[in-house]
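# Okay, predicted coordinates and the sequence, questions at the end:
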Amino acid sequence: MKKPKVGFYWCASCGGCEEAVLDLAEDILGVVAAIELVFWPVALDFKRSDVEAMDDGEIAVCFVNGAIRTSEQNEMVKLLRKKSQLIAAFGSCAQLGGIPGLANMFNREEMIKEVYLRSPSVNNDAEITPKEDIQVNEGNLILPALWDTVKALDHVIDVDYFLPGCPPPVNLIEDVFNMIVEGELPPKRTVLAPDVALCDECERREKKPDKLTLKEFKSPFEINIDPQECLLAQGLLCLGPVTRKGCGGACIKANMPCTGCMGPTGRVRDFGAKALTAIATSIDSKDEKEINAIVDSILDPVGTLYRYSLPASFLHRHYEKMLIGGSK
Amino acid sequence: MPERNDIERFFDPKIVAFFCNWCTYTAADLAGTARMTYAPNVRVIRIMCSGRLDPQFVLSAFREGADGILIGGCHPGDCHYQEGNYQALRRFILLKRLIHAFGIEKERIRLEWIAASEGDKVQRVINEMTETVRRLGPLDLEPITKKVIDYMSVTHHEMVSISHRGSS
């Protein structure tokens, strides 16, 4: 039997998704034996021209991680879409926009100024910032354009499967490889993780009170976290009730609250709004002033509720800080 | 009266109102039977309780072109389901901060307690809200959102999930 051809590509990401593939440890040998790797720039020497030389649909499955925020990433994923039968968004950034998506609370110019001029660790007296197009002695140099708005993979190309997580849990990755090798893929546009909230598999589930009554929200560094009690009941903003399970509660086991990287369950259209419902419902007060004071203890509402899903949310980005006429 | 600028003169705000079945919707009904006139800018959606209002409804309405959102529930202590309006209040307070963090004016969402007998309050609140939003101008999210709507309607409706075949 011919081995299925598989590709990996990364866009705006941290490299953690690529690491997650290596986390298969010795099982990776079995995977490599069963598939043919035709493109994986981070690990093996492939060039864009190698992809361009392929026939359309030659790659059986291409895994793309990272959000889309430059013209180059946009071109590259469009090329991969053409050359692949199936595209799988690998990890939260590709699925929902992820951590890079939080840049949507700012605009491109502010970001460049912050990184290249204002940051305390930067010494840039000549105020040199990256330009898309610059004339030097040797000729004209062109860099990819940085977009004002970060997008999820599904915003720019059609995506067939979504593998959630930051990074996706190893057992889910293994499942996907097995499905590819066995040729038993689920219907298109499936999220390849169980459609149940994390609380369902949480080892502290028995300790979760029927009704949460919180007078204050706390950050993990502010308290001695009890390793057995429900984290929500301790006043921590644990997003387990609204986050898809499948990670085995890795953060909970490390005594840290869930931040929602596995994304929403199937029927939820806006993760942050659903998380808001869960959090607001646990507030124990009927008085407007007191509720306001309790809500004050949530230091960064957008970063907390939309940590991995801002570009895929209804509001999508900061509205006033949009660059009018900026690219994308 | 001060002169209105062009936007205020020509802009007809779209306001989506979520009224609870037991108090505010009944009050709106009363305003109708009593032939009270009020601004025609509000599209009323009846929900069983203000506590049923999922914040997704509000964000989705903004996304689909609403310029303002009005929420009406029973007065504190009067909720048909005991506590629903308090849930609405808690969510509303957090939601208001959230949309403000996104750069959307806080005045674009408003929560009012209106009892079944307060038809005149429905009239007053709708008129006030319409004027407030008219002054704020259109909430034009369109330029960056076209693709998102496509994404939402395709991805999330059709995202079926498989049962976990997990090896662990």
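Good, I have the coordinates.

# Am I right that residue B:135 is in a strand?
No: per DSSP: H, G, I helix; E, B strand; the rest coil, residue B:135 lies outside any strand segment and is helix.

# how near is it to residue B:107?
Distance, residue B:135 to residue B:107, by CB to CB, to the nearest Å: 9 Å. To be clear about C-beta, it is placed using only N, CA and C from the backbone, and glycine gets the same treatment.

# Kindly report the same for residue A:135.
According to CB to CB, residue A:135 stands 49 Å off from residue B:107.

# Next: residue A:104.
Remark: distance between residue A:104 and residue B:107 (CB to CB) = 23 Å.

# Between these two, which is the more surrounded one?
More crowded of residue A:104 and residue B:107, by other CB atoms under 10 Å in any protein chain shown: residue A:104, with 28 against 14.

# Skip the chain neighbours and tell me the closest residue to the more buried one.
What sits nearest to residue A:104 in space, not counting adjacent residues and going by CB to CB, 6 or more residues apart in numbering or on different chains, is residue A:317, at 3.6 Å.

# pretty sure the one you found is touching residue A:311, no?
Yes: here residue A:317 reaches residue A:311: they are 7.3 Å apart, a contact under CB atoms under 8 Å.

# Show me what the helix or strand where residue A:181 lies is packed up against.
Residue A:181 belongs to helix A:170-182 when assigned by DSSP states H and E. Applying 3 or more CB pairs under 8 Å, 6 or more residues apart in numbering or on different chains; DSSP states H and E, one finds that helix A:170-182 contacts helix A:16-22, helix A:27-34, strand A:161-163.

# How far off centre is the following helix or strand past it?
Following the chain from helix A:170-182 toward its C-terminal end, the next helix or strand by DSSP H and E is strand A:190-191. Centroid displacement of strand A:190-191 relative to its chain, using CA atoms, centre = their mean, to the nearest Å, is 15 Å.

# sorry, back to before: so between residue A:317 and residue A:311, which is more surrounded?
More crowded of residue A:317 and residue A:311, by other CB under 10 Å: residue A:311, with 29 against 26.

# Per the annotation, how does chain A divide into domains?
Chain A breaks down by automatic domain parsing into domains covering A:5-99+A:155-191, A:106-146, A:198-305.

# which stretches of the stretch 151-300 of chain A aren't confidently modelled?
Judged against pLDDT under 70, the stretch 151-300 of chain A has no low-scoring part.

# Just the residues contacting whatever helix or strand residue A:85 lives in, thanks.
Using DSSP H and E, residue A:85 sits within strand A:84-90. Residues from elsewhere that reach strand A:84-90 (CB atoms under 8 Å, 6 or more residues apart in numbering or on different chains): A:7-8, A:17, A:57-65, A:77, A:80-81, A:95, A:152-154, A:157-163, A:168, A:176, A:185, A:188, A:192.

# Could you give the separation of that strand from the chain centroid?
Using CA atoms, centre = their mean, the offset of strand A:84-90 from its chain centre is 16 Å.

# hmm, the next helix-or-strand element following that strand touching chain B?
Next helix or strand after strand A:84-90 toward the C-terminus (DSSP H and E): helix A:92-96. No: Helix A:92-96 lies out of reach of chain B by CB under 8 Å from any CB of the partner chain, never closer than 9.1 Å.

# average model confidence for the following helix or strand past helix A:92-96?
Of the helices and strands lying after helix A:92-96 in sequence (DSSP H and E), the nearest is helix A:108-113. The average pLDDT within helix A:108-113 is 91.

# again, but for stretch A:302-313
95.

# Are it and chain B in contact anywhere?
Yes: Stretch A:302-313 comes into contact with chain B (CB under 8 Å from any CB), by way of A:302, A:305, A:312-313.

# okay, now the residue of the stretch 51-200 of chain A found nearest chain B: neighbour count?
As assessed by CB to the nearest CB, chain B sits closest to residue A:195 within the stretch 51-200 of chain A, at 3.2 Å. Burial of residue A:195 is recorded as 19 neighbouring residues (other CB under 10 Å).
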